[in-house]
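Chemist: Model the following, please.
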Amino acid sequence: MLTMRARWRIFSLLLGPALLALAGCGGTVAANPSNAAFSVTPGTAAIDTNCTGCNAAGAASVASLQLAATLTGGGAAPVFWSVEGGDAVSGPGSINQNGQYTPPSYLTADRVEVVVTATMESGLRASSKLTVTPGFLQPLTPENVALGANGSTTVTGTLAEAGGASSIHFALASSASGTEGGVGALSASRCQRGSLAFTTCAATYTAPAAVTATGVTYVVATVGAGGVESKASAMVLVNAAGVTSNPASHQGQMSAMVALGSSGGNNADYDARENKIVDCCSGTLGALVRGPGGREYLLSNNHVLARSDHASVGDAIVQPGLIDNSCTPLGDGPGLSAVASLTGWLPLKSRQTNVDAAIAQVTSRSVDAAGSILELGAKQADGTLAAAPPGVSSTGGRGEAATLELKVAKSGRTTGLTCGGVAALDLDVTVDYYLDCAETKPYLTKTFTHQIGLSGNQFSDAGDSGALVVDAATAEPVGLYFAGGRDAAGVSQGVANPAPEVLSELGAQMGGSYTYVGAADHAVSCLNYGDSTTAQAQAHSISVAEWQRGQQALGEARMLVNPAAGILGVAMGKSIDHPGDAAVILYTDEKMTPPVTATIGGVRTLQIPSTARAVTYGVAPQIPQEAGSVSLSSAVLAQAVAVKQQVAATLMRRNAAFFGVGVGQSLDNPREAALVIYVDRKHLPAQLPATVDGLRTRYVVMDRLHVTRSYATAQPAKRHCGLKPAESSFNPFNLLPRSLKLP
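Modeler: Residues are numbered from 1 along each chain as shown. Take a look at the predicted model:
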């Protein structure tokens, strides 16, 4: 995510009698993709409501199917586009005059057919027939879970279909998109269908009776067939320690003193349309801080507690957040508790602020006075993790500075307790903010400087905004998580405000001194789902042209082989810093540290320490040591930071695809630092330099920081106090997300 706001959205659905009457309607349609003057491509296509199989990005980077009208003699045909057919209730979808088609957000039948027509001024027409099937409406729940031997959990998926007979097929696999592997057992799928609600299917996963080694198993859910298959997966950490952790424990209402790391937000954080609440959003209640006069405050993000500068002092802060209470505000029904009153926030619009933070004064006896955070403590007899305060004894509650590759943990609303690593320091990053939960009304784009980049499988997701990031070894506060997403390899990438800077800015902007409330330093029972960055990079295919470029550089590299100088041999490889690039492997004597150039003939190099025997017999490794196994000296880091500070603003200004630049460790050669550059996957430049001012570059390709996955529920909307009933023509499905968008 990186979301900007990694807070969740939830959509309330009002399904009326019209849907019941029309569900399942629809007929066969015909198409004619060509005539004497022009033709339409593709002539036929099959996609789903997620737009799986689409080939372009439309408005707001939403996936869409790009159609083209081409004159018989070549060139674009001047045509007007229209669309008809489709679902009896949700319609045919939409197409703009550039030929970008977006399917309806849901269906009331297992499949519908749509005709897209291109018409010239002369009246000549050509048309394409599209088959649309239901896709997933939201990710599986839970998205991640930790289980010990014999532990079990129910995994649930929701289809964008009301009525119909589609089902979700569940299977165990060793990868998120795989079809086989994994450990444990899975029950048969069981589904609930109805004309007034979306289809939900569930299966129960059970871990093996004995677990000797910790590993990850995926529950992969599939819907559709015939080349259009939507997939979603849940990650299960089957662990030998016997720890049980389910993010659901962070999402419900707490009966007594609230622990942090739980769902929460502003009681007014919802969107209304036609006098109905149509969606809402919330995040995580991150930590307890003590301010002037000993008063205690909840700490979270501005965009979680203060609605991105648009709240009012005194607003009720509730637990859980509205997303976990069917968008029902406090006073409109049960399920919420007022735990604090919004006190102040650091304005996002101000150029004087560099963190996304807000505080709310705690209501008497509503929040755990010790500042305990869910699952931050030791394993209990039943396998669950106890709540515990963060560590504050080493820093006096001021928080510690992050270091590169530091192992960190966070406890958040959506993914619960997870661990990852610090991947980038001194990160400058731009983040888009919106006025509404649906992210349709832009507010501002803010550039933050000197931030912390975080990385790790399933480390964070939308809704974890506001979570406190701590040192896994001491539980000392390191940062305040505020943005995140997933890169092209499926690895979570997050951004946090440095913990000491959060307190410093609170003091400077609001007056007085602030400290984190906690206890003695202690280790966190880390739940680490791994990091698939290297594996995915090595699985990435290389084009023929890139391979030929690598072979040419390999010829030059052979001239460098000199065992006496520490260069034992060379080979072809693949870059990890930039997946898809060829690389030349330089095998170096593990007892020596010969200088290695970042490129040879313009091709990246991988330095791999080894022995002459391993190289001779062809058993030397194909990938370098993991980042973090080699510590970079302060001098090397300082030099890299100096380069970054000179070039970051220029890089981001000259190329809008670059939305973040920081300093990290090269994955091609962990003995060297690298510029970590975050690149918009929707606008990926044709050329990405292997070095900048002599410093290696490492690219994180992902969606921009305002992009997040959208979530919905399949239950009727409720009447809310102070809001008039919606008109009978209101169709809540118009507000549903069209696809599950990866960060």
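Chemist: From now on I want contacts and neighbour counts done on CA atoms only, so please keep to that.
Modeler: Will do.
Chemist: so after the longest strand seen in the chain, what's the next helix or strand?
Modeler: Assignment by DSSP state E gives strand 416-434 as the longest strand of the chain. Following strand 416-434 in sequence order, the next helix or strand is strand 442-456 (DSSP states H and E).
Chemist: Give me the angle between that next one and strand 416-434.
Modeler: Relative orientation of strand 442-456 and strand 416-434, computed by axes from the mean of the first three to the mean of the last three C-alpha atoms, to 10 degrees: 150 degrees.
Chemist: isn't Tyr678 right next to Val700, touching?
Modeler: Yes. Look at Tyr678 against Val700 with C-alpha atoms under 8 Å: they come within range, at 4.7 Å.
Chemist: can I assume Glu546 sits in a helix?
Modeler: Yes. Residue state for Glu546 (DSSP: H, G, I helix; E, B strand; the rest coil) corresponds to a helix.
Chemist: wait, what's in contact with it?
Modeler: 581-582 (C-alpha atoms under 8 Å, 6 or more residues apart in numbering).
Chemist: Same check on Leu376?
Modeler: Leu376 neighbours (C-alpha under 8 Å, 6+ apart): 385-390, 411, 417, 475, 524-525.
Chemist: wait, Cys437 sits on Tyr270?
Modeler: Yes. At 6.5 Å, Cys437 and Tyr270 qualify as touching, with contact defined as C-alpha under 8 Å.
Chemist: helix/strand/coil for Ala210?
Modeler: Three-state call for Ala210 (three-state DSSP): coil.
Chemist: Next one: it relative to Leu186, how far apart?
Modeler: With distances taken as C-alpha to C-alpha, to the nearest Å, Ala210 is found 16 Å from Leu186.
Chemist: Neighbour count for these two, which is higher?
Modeler: Shown here are Ala210 and Leu186; by other C-alpha atoms under 10 Å, Leu186 has more neighbours (19 against 12).
Chemist: ok, now which ones touch the nearest residue to that one once chain neighbours are set aside?
Modeler: Counting by C-alpha to C-alpha, 6 or more residues apart in numbering, Leu186 lies nearest to Tyr205, which is 4.6 Å off, once chain neighbours are set aside. Tyr205 is in contact with 152-155, 184-187, 219, counting by C-alpha under 8 Å, 6+ apart.
Chemist: ok, of these, which come out buried?
Modeler: In these, burial by neighbour count holds for 152-153, 155, 184, 186, 219, counting by 16 or more other C-alpha atoms under 10 Å.
Chemist: Output these in a markdown table, with secondary structure and distance to Ser82 appended to each entry.
Modeler: Below are those laid out as a markdown table (DSSP: H, G, I helix; E, B strand; the rest coil; distance: C-alpha to C-alpha, whole Å):
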| residue | secondary structure | distance to Ser82 |
| --- | --- | --- |
| Ser152 | strand | 50 |
| Thr153 | strand | 46 |
| Val155 | strand | 40 |
| Gly184 | coil | 50 |
| Leu186 | strand | 45 |
| Val219 | strand | 40 |
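Chemist: Just the closest of those to Pro42, please.
Modeler: Taking C-alpha to C-alpha as the measure, Pro42 sits nearest to Val219 out of the buried ones among the contacts of Tyr205, at 33.9 Å.
Chemist: so that closest one sits right up against Ala171, yeah?
Modeler: Yes. With contact defined as C-alpha under 8 Å, Val219 and Ala171 form a contacting pair (5.7 Å).
Chemist: For Asp87, give the beta-bridge partners.
Modeler: Beta-bridge partners of Asp87, counted by DSSP bridges, are Gly91.
Chemist: and it, how many neighbours?
Modeler: 26.
Chemist: same thing with Gly74?
Modeler: 9.
Chemist: can you list contacts of stretch 691-703?
Modeler: Taking C-alpha under 8 Å, 6+ apart as the rule, stretch 691-703 contacts 1-2, 485-488, 577-578, 598, 640, 643, 666-667, 672-682, 689-690, 742-743.
Chemist: Out of these, name the ones that lie in strands.
Modeler: Short answer: the contacts of stretch 691-703 in strands (DSSP E) are 485-486, 673-680.
Chemist: For Asp48, state which of the residues you listed is nearest.
Modeler: Closest approach to Asp48 among the ones in strands among the contacts of stretch 691-703 (C-alpha to C-alpha): Arg486, at 22.1 Å.
Chemist: Can you tell me how far that closest one is from Asp531?
Modeler: From Arg486 to Asp531 the distance is 12 Å (C-alpha to C-alpha).
Chemist: ok, back up a step: of the buried ones among the contacts of Tyr205, which pair is most distant in space?
Modeler: Pairwise distances across the buried ones among the contacts of Tyr205 peak at 13.8 Å for Val155 and Gly184 (criterion: C-alpha to C-alpha).
Chemist: Show me the protein divided up by domain.
Modeler: 31-133, 136-242, 541-616, 634-702 (automatic domain parsing).
Chemist: Mean confidence (pLDDT) on the shortest one, please.
Modeler: Mean pLDDT, domain 634-702: 95.
Chemist: do the same with stretch 480-492
Modeler: 92.
Chemist: Below-threshold pLDDT in the protein: ranges please.
Modeler: Residue ranges of the chain with pLDDT under 70: 1-30, 57-62, 226-227, 706-743.
Chemist: tell me the centre residue of it?
Modeler: Gly485 (2.6 Å; C-alpha atoms, centre = their mean).
Chemist: Tell me if I'm right that that one and Asp461 touch.
Modeler: Yes. Between Gly485 and Asp461 there is a contact at 6.4 Å, judged by C-alpha under 8 Å.
Chemist: Report how many residues lie close to Ser341.
Modeler: 22.
Chemist: Which residue ranges of the stretch 1-150 of the chain form strands?
Modeler: 8-11, 38-41, 44-48, 56-57, 63-66, 68-71, 80-85, 94-95, 100-102, 112-119, 125-133, 136-141, 144-147 (DSSP state E, counting those that start in this stretch).
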